[in-house]
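Engineer: Predicted model and sequence follow; I will ask about them next.
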Amino acid sequence: MSENPKFHPSRRSFLLASGRLAAAGWVAAAGGWVLKPSWANAAGPIRVGIAADISGALSTFGNTHWQAAQFAAKQINDAGGILGRPLELYLEDTVSDPGKSVGNINRLLSSHELDLVMGGGLSSTREALKVPVIQRAKKLYIYPQHYEGGDCTPHLYTTAATVSHQLAFLIPYLIKNKGAKRFALPGANYQWPQMTNALARKVIEDNGGEVVFEEYYPLDQVEYSATVGKIMSEKIDHVFNTIIPPGIQGFMKQLYEAGFAKNGGTQSVLYFDENAVNSVPERALEGVYNALDFFHTVDDPYSQQLIKEYNAMFPGSPYLFTAGVSATGSYRGLKFYEQAVLKTNGDLAFEAITEAYSTATLEKGPGGGAKMNPDTHAPTMNIYLAQAGGGKWNILDKKEAVPPGACRAS
């Protein structure tokens, strides 16, 4: 590719009008856009549908997912494709809206003969897309976003950290090492925060902590003075925060201005990473904790080489290669798929590729290798505990080969 377009809602019309998409290898297509490989194979390309929130409140997540998919596809194609077949990417904007995402994906599926679909931001978007992708179109569905875990739907595989990966590491550390006893659980009012907080409450209480309050707010709420006031008056030690954009901006700002951190309070946000500066000011990030499969401060050579190559492909992009907003999940998702196709000797049939994907293994990857679990449809991988400070995420500890949680009852 001679150029790599960085999609942002305000830039779409400019890019289309200027012809820069065509220069970058893009072709307008029914149901979205297609990025064609620079070379061909007689058997044709492997066609990958990418469902990403390019516009709307979750555009940081969606654009990061999309760029990471391009990055993984370029690595695979530059190495000769998969058994000689290149990957061809079909992008559909799911507009940060689970309701609208179904119509958009239906249009993409009806317009192109795809081999798999990867994407979906919110857990509610994943739930909405399972029917058209898996049940109707009979396509393998890869969900690359960090999420609550436990979704073992047949033909669905998740490739990022789950809450179970994170909580068993993060919560005991906060209680035993930082003296956090009194927890507040503010969250956005939808599936991921509700299920995450149910798991968090158990881990908190099992480790001797107390949940003082658990509250949920509309996704677009931006005023949190009453909640912040309660946090301060109840002398909360730790805010386990599952509010999402756009509400996260207002909450973090108001909590910071109330002096919560200055007075010794701590906070964790399970999707925060180096891309968090796209959502909140750096000063409000100071001291925030998280546990993920990758941070830029992970020092293994392969991880550092990935960052270098990604930054060279997308120079100056605000959408960094990170774990909390699905870049590592997107990369891992396509690399797992590569291994699955090799295992089937090129058979892309629905049942065959799904079976092969269920046991795919990566010797190397962001943060280390990973192995898919056939029972839980999620990977075993390394998890790093980190704290934001001085403009970076400082690694505090590491656990190797952490398995995902069990399947939840359907």
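Structural biologist: Good, I have the coordinates.
Engineer: residues in contact with stretch 91-111?
Structural biologist: 29-35, 49-59, 62, 66, 90, 114, 117, 119-122, 124-125, 127-129, 131-133, 136-137, 139 (Cβ atoms under 8 Å, 6 or more residues apart in numbering). Just so you know, the C-beta spots here come from the backbone N, C-alpha and C atoms, and that holds for glycine as well.
Engineer: Apply 6 Å and report the result again.
Structural biologist: 30-33, 49-51, 53-58, 122, 124-125, 128-129, 132, 137 (Cβ atoms under 6 Å, 6 or more residues apart in numbering).
Engineer: So the nearest residue to Pro245 once chain neighbours are set aside: helix, strand or coil?
Structural biologist: Nearest non-adjacent residue to Pro245, counting by Cβ to Cβ, 6 or more residues apart in numbering: Ala57, 4.7 Å away. Under DSSP: H, G, I helix; E, B strand; the rest coil, Ala57 falls in the coil class.
Engineer: Contact partners for Ala57?
Structural biologist: Contacts of Ala57 (Cβ under 6 Å, 6+ apart): Ser96, Pro245, Pro246.
Engineer: same check, this time on Ser330
Structural biologist: Counting by Cβ under 6 Å, 6+ apart, Ser330 has contacts His65, Ala68, Ala69, Pro144.
Engineer: picking up where we left off before, okay, the contacts of Ala57 in JSON lines with neighbour count, secondary structure and distance to Ile175 next?
Structural biologist: What follows is these, written out as JSON lines (neighbours: other Cβ atoms under 10 Å; DSSP: H, G, I helix; E, B strand; the rest coil; distance: Cβ to Cβ, whole Å):
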{"residue": "Ser96", "neighbour count": "24", "secondary structure": "coil", "distance to Ile175": "35"}
{"residue": "Pro245", "neighbour count": "20", "secondary structure": "coil", "distance to Ile175": "28"}
{"residue": "Pro246", "neighbour count": "16", "secondary structure": "coil", "distance to Ile175": "31"}
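Engineer: Name the nearest of the residues you listed relative to Asn278.
Structural biologist: Asn278 has its nearest neighbour among those in Pro245, at 8.8 Å by Cβ to Cβ.
Engineer: roughly how far apart are the closest one and Ser124?
Structural biologist: Distance check for Pro245 against Ser124: by Cβ to Cβ, to the nearest Å, it reads 15 Å.
Engineer: lowest confidence element among the helices and strands of this protein?
Structural biologist: Of all helical and strand segments in the chain, the minimum by mean pLDDT, DSSP states H and E falls on helix 12-18, at a mean of 30.
Engineer: residues in contact with the one residue sitting closest to the centre of the chain?
Structural biologist: The residue lying closest to the centre of the chain (Cα atoms, centre = their mean) is Ser326, at 2.3 Å. Contacts for Ser326 (Cβ under 6 Å, 6+ apart) come out as Phe61, His65, Pro144, Gln145.
Engineer: same thing but 8 Å
Structural biologist: By Cβ under 8 Å, 6+ apart, Ser326 lies in contact with Phe61, Thr64, His65, Ala68, Gly121, Pro144, Gln145, His146, Ala160.
Engineer: Fine by me, we can end here.
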